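Undergrad: Here you go, sequence then predicted model.
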Amino acid sequence: MLPVRCAPNRYASPVAATVTGDQPGAPHTRPRVLRALLDRFGHLIHEMSKFATVGGAAFLLDFAIFNMLTAGRGMEPVTAKTISTVIAATVAFLGNRFWTWRHRERSNPVREYALFFFFNGVGLGIAVACLAISRYGLGSIWPGVFQTALADNIASFVVGTGLGTLFRFWSYRRFVFVEAGTRDAPEPNDDRDPRA
């Protein structure tokens, strides 16, 4: 049989081949690195995506209640933010306990609930501080810019919620929904003298 010659491809670039005809190892390195990263951080990415989904639902609830209380009821913004955050935090607790970190060991529910709301209180403090700095600090200098509904929403929901969310994810994972503790087994020592 005669070898078949293929028509030259103008898009193909010359690539060096190994003695066996295989391509060099560089293209195989990327999938290995990606696989190693996914093996190492895949569970964290999975938890973060669930946390983001629960947080997104709580965020929308927080946003709707805050705007209903300020625009619909004429409530003072800091009070409205406190109320909306407490309601949204309750929804977030249930979502995180029974979906995001359901695989983790369950401790005393009162302890979890208390710690969750303590760390939510810190997250609320971050969001309220951002709103207060914007409305009362910067608003005293530029009231036409910072004492508006748009500025309140940006300070509260973009800056405050963003910083609060980072803090909440870290604190929930570290202190509230903890992994079951496992004791490390001692490593076998192969350097021992077999005659001993």
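TA: Arrived safely. Bear in mind the structure is a predicted one, so any value in this text is a computation, not a measurement.

Undergrad: Any regions of the chain where pLDDT drops low?
TA: 1-30, 33-43, 105-106, 180-196 (pLDDT under 70).

Undergrad: Let me see the ranges of the helices in this structure.
TA: Using DSSP state H, the helices of the chain run over 26-67, 77-95, 109-132, 139-141, 143-146, 149-153, 161-171.

Undergrad: want to throw these into CSV with distance to Trp101 and mean neighbour count?
TA: Every C-beta, even on glycine, is put in place using the N, C-alpha and C of the backbone. Shown next, in CSV, are these (distance: least, Cβ to Cβ, whole Å; neighbours: other Cβ atoms under 10 Å):
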stretch, distance to Trp101, mean neighbour count
helix 26-67, 7, 14
helix 77-95, 10, 19
helix 109-132, 10, 17
helix 139-141, 39, 12
helix 143-146, 38, 13
helix 149-153, 30, 15
helix 161-171, 11, 17
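
Undergrad: Turn these into JSON lines, columns for distance to Glu179.
TA: As requested, the helices of the chain are exported to JSON lines (distance: least, Cβ to Cβ, whole Å):
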{"stretch": "helix 26-67", "distance to Glu179": "10"}
{"stretch": "helix 77-95", "distance to Glu179": "18"}
{"stretch": "helix 109-132", "distance to Glu179": "14"}
{"stretch": "helix 139-141", "distance to Glu179": "44"}
{"stretch": "helix 143-146", "distance to Glu179": "43"}
{"stretch": "helix 149-153", "distance to Glu179": "37"}
{"stretch": "helix 161-171", "distance to Glu179": "14"}
